[in-house]
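1. no sequence for this one, just the structure:
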């Protein structure tokens, strides 16, 4: 299909990016980012209680503005050649909806209610509910967490629903169902107003909602009733799921007009950002693909006949077809990565903004250079056995073995320690957290043939990637595209629209390749191996404080 284009839409934590891609060459014809205005103001969030909610209007406005702006960057006539759109989103980010699939925050009377909004992936208000789910799941015969790593997380679908309906009677009564962000956007673009026909992502349901074909879909009514009778309202919300290559339909007339697109544009079904990002990054069998942003998601795929019989403990799920149809998709990750460095930046710069209100522009310029400066200085530090040591649990621990009540620890501080040395400890902590994930996969029988990294941190922080290579004692291949998640979504759009018959062919045609490979420095491997053992010991000590 010569000179055809597709659009990949990547909904991140802070913003949404739309990418217009040539289906034959993979060339990026246009790209635009829209930052969520309500989110930027900190509305509906309370970091002290780990409450993070997002208003659906941020998503709708971002969808329209980013696609229109991306198309404006393209050569004239590009819009008429667009064949498909697919989206990826953060997850698990579910929201309550009414009978028409409309998020309650768009329903009169609920506009400013945080419980009526989408509950962002990093919202941890449901720690208590997650603990209850694990207690019930592990004490009543069938363990419905067995395909979710054996530990249910407060970042996931049922824990978040249980928390909201327990604390908010009005939302509990009004919500006809709950819908993941990645499922809602395709319904919006196709004009689907029926919960009965709204397609549910295999990726989202399998990894976060305990969906599995072997027990007929979602956990049964008897299990949900033990958690709360109120949950039984949703026990048959859906039974079937779809892989992301399946079309959700064609674009509605209203959205075609709004975006300036043809009315035959095919809309793909959605999936989570890391899973589509791994595809955009060129994942193959037994590649460990690290999608690095505010947090990390580590994605691995393996043939079903080789790994489908395994139960990998302590990860974020193993799902047939969640990444590539016909392959087992496995997910792990770290709850904080970029967020760790954002915390340090705020720790250093926050008082300066407060003390120098008339110097905001200058301070912002300094802040923009801070992490680059710290990286350059940290590279010059000698490697000492008694350097400060940190854990990466600033947002709890996602994997191995989810526990979001945990906190970070930094040891080895004294009056001679400066910000550069603390930064070094934090970079090492994120690398040690990555190594613990790789070790768990291997211990559970999943091989790792290569490590791929993508995302802003991977491309911009050579120091962090070099330390990661040293700690893992593996080459780290850096994906060339700055927009790998959106590029992955574009690949799925190309398959959904019939441009390519499968993901493999879409990858071959549209891949961006790799820009560089960080090789481990063998002279540092033994140092980091010893530090990693100390990291594990520090984790064991710290974990006892939060039992």
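-> Yes, it's here. From a predicted model like this one, the values you see are computed outputs, not experimental measurements.

2. All the strands of the stretch 401-547 of the chain, residue numbers only.
-> 410-411, 450-454, 476-479, 514-518 (DSSP state E, counting those that start in this stretch).

3. same question, the stretch 1-150 of the chain
-> Counting by DSSP E, counting those that start in this stretch, the strands of the stretch 1-150 of the chain are 5-11, 15-22, 28-35, 53-54, 82-89, 94-97, 118-119.

4. need the ones you listed in CSV with distance to residue 408, mean neighbour count and mean pLDDT, can you?
-> Bear in mind the C-beta positions are built from the backbone N, C-alpha and C, glycine included. Formatted as CSV, the strands of the stretch 1-150 of the chain follow (distance: least, C-beta to C-beta, whole Å; neighbours: other C-beta atoms under 10 Å; pLDDT from 0 to 100):
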stretch, distance to residue 408, mean neighbour count, mean pLDDT
strand 5-11, 28, 29, 98
strand 15-22, 26, 25, 98
strand 28-35, 28, 19, 97
strand 53-54, 24, 26, 98
strand 82-89, 27, 30, 98
strand 94-97, 27, 28, 98
strand 118-119, 23, 29, 98
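
5. would TSV of these with distance to residue 225 be doable?
-> Putting the strands of the stretch 1-150 of the chain into TSV (distance: least, C-beta to C-beta, whole Å) gives the following:
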stretch	distance to residue 225
strand 5-11	33
strand 15-22	38
strand 28-35	42
strand 53-54	27
strand 82-89	30
strand 94-97	20
strand 118-119	22
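
6. Of all those, which one is nearest residue 393?
-> strand 118-119 (21.2 Å; C-beta to C-beta).

7. what sits up against the closest one?
-> Contacts of strand 118-119 with the rest of the structure, by C-beta atoms under 8 Å, 6 or more residues apart in numbering, involve 52-56, 59, 93-95, 103, 125, 160, 164, 181.

8. on that earlier part again, so which of the strands of the stretch 401-547 of the chain is nearest residue 530?
-> Using C-beta to C-beta, the nearest of these to residue 530 is strand 410-411, at 14.9 Å.

9. tell me what the closest one is packed against?
-> Under the contact criterion of 3 or more C-beta pairs under 8 Å, 6 or more residues apart in numbering; DSSP states H and E, strand 410-411 touches strand 389-390.

10. distance between the worst-scoring helix or strand of the chain on mean pLDDT and the chain's centre?
-> The helix or strand of the chain with the lowest confidence, counting by mean pLDDT, DSSP states H and E, is helix 456-460 at a mean of 89. Offset of helix 456-460 from its chain centre (C-alpha atoms, centre = their mean, to the nearest Å): 16 Å.

11. just checking, what packs against that helix?
-> Packed next to helix 456-460, using 3+ C-beta pairs under 8 Å, 6+ apart, are strand 287-292, strand 476-479.

12. was I right about residue 317 contacting residue 332?
-> No. If you go by C-beta atoms under 8 Å, residue 317 and residue 332 don't touch, sitting 9.1 Å apart.

13. For residue 297, find the nearest of the strands of the stretch 1-150 of the chain.
-> Here strand 82-89 is closest among those (C-beta to C-beta), at 11.1 Å.

14. Can I get the contacts of strand 118-119 in a markdown table including distance to residue 304?
-> Below are the contacts of strand 118-119 laid out as a markdown table (distance: C-beta to C-beta, whole Å):
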| residue | distance to residue 304 |
| --- | --- |
| 52 | 35 |
| 53 | 37 |
| 54 | 35 |
| 55 | 39 |
| 56 | 36 |
| 59 | 34 |
| 93 | 28 |
| 94 | 27 |
| 95 | 32 |
| 103 | 35 |
| 125 | 36 |
| 160 | 30 |
| 164 | 35 |
| 181 | 28 |
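
15. Just tell me which of the strands of the stretch 401-547 of the chain ends up closest to residue 197.
-> Nearest of the strands of the stretch 401-547 of the chain (C-beta to C-beta): strand 450-454, 34.0 Å.

16. Let me see the mean pLDDT of that closest one.
-> Mean pLDDT, computed over strand 450-454, is 97.

17. partner strands of it, parallel or antiparallel?
-> Paired strands of strand 450-454, with direction, are strand 287-292 (parallel), strand 476-479 (parallel) (DSSP bridges).

18. Of the ones you listed, flag the one that's most buried.
-> When those are scored by mean count of other C-beta atoms under 10 Å, the highest mean neighbour count falls to strand 287-292 (a mean of 27).

19. Just put the helices and strands packed on helix 456-460 in TSV and tack on distance to residue 201 and mean pLDDT.
-> Putting those into TSV (distance: least, C-beta to C-beta, whole Å; pLDDT from 0 to 100) gives the following:
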stretch	distance to residue 201	mean pLDDT
strand 287-292	17	96
strand 476-479	23	97
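
20. which stretch among those comes nearest residue 380?
-> Of the helices and strands packed on helix 456-460, nearest to residue 380 by C-beta to C-beta is strand 476-479, at 21.3 Å.

21. can you give me how far that closest one is from the chain middle?
-> The answer for strand 476-479 is 18 Å, by C-alpha atoms, centre = their mean.

22. what residues does it touch?
-> With contacts defined as C-beta under 8 Å, 6+ apart, strand 476-479 is touched by 280-282, 450-454, 458-459, 465, 468-469, 512-518.

23. mind checking which of the helices and strands packed on helix 456-460 is nearest residue 415?
-> Taking the helices and strands packed on helix 456-460 one by one with C-beta to C-beta, strand 287-292 is closest: 33.4 Å.

24. avg pLDDT for the biggest helix by length in the chain?
-> If you go by DSSP state H, the chain has its longest helix at helix 419-443. Across helix 419-443, pLDDT averages out at 98.

25. What helices and strands are in contact with it?
-> strand 287-292, strand 296-303, strand 327-334, helix 338-355, helix 360-378, strand 389-390, helix 462-472, helix 522-544.

26. so that helix versus strand 287-292, what angle?
-> 150 degrees (axes from the mean of the first three to the mean of the last three C-alpha atoms, to 10 degrees).

27. what angle sits between helix 419-443 and helix 338-355?
-> Going by the same axes, to 10 degrees, helix 419-443 makes 160 degrees with helix 338-355.

28. Spatially central, which residue of this protein would that be?
-> residue 90 (4.5 Å; C-alpha atoms, centre = their mean).

29. Please name the residues that touch it.
-> Contacts of residue 90 (C-beta under 8 Å, 6+ apart): 11-13, 120-121, 181, 272-273.

30. Which of these fall within helices?
-> Filtering the contacts of residue 90 for helices - DSSP H - leaves 181, 273.

31. Most neighbours among the contacts of residue 90, which one?
-> Within those, neighbour counts (other C-beta atoms under 10 Å) peak at residue 272, which reaches 33 neighbours.

32. quick one: low-confidence ranges for the protein?
-> Residues of the chain that meet the criterion pLDDT under 70 lie in 1-2, 547.

33. what do you get if the cut-off is 80, keeping everything else the same?
-> 1-2, 140, 546-547 (pLDDT under 80).

34. Quick one: neighbours of residue 438, just the number.
-> Residue neighbour count, defined by other C-beta under 10 Å, stands at 21 for residue 438.

35. Now do it against residue 431, distance only.
-> For residue 438, the distance to residue 431 equals 11 Å [C-beta to C-beta, to the nearest Å].

36. so what sits against both of the two?
-> residue 472.

37. and after the helix or strand containing residue 248, which helix or strand comes next?
-> For residue 248, the enclosing helix or strand under DSSP states H and E is strand 247-250. Following strand 247-250 in sequence order, the next helix or strand is helix 253-259 (DSSP H and E).

38. Give me the contact list for that next one.
-> 64, 67-68, 71, 79, 188-189, 191, 251, 261-263, 265.

39. now the residues you listed: which count as buried?
-> The neighbour count (16 or more other C-beta atoms under 10 Å) marks 64, 67-68, 71, 79, 188-189, 251, 261, 265 as buried among the contacts of helix 253-259.
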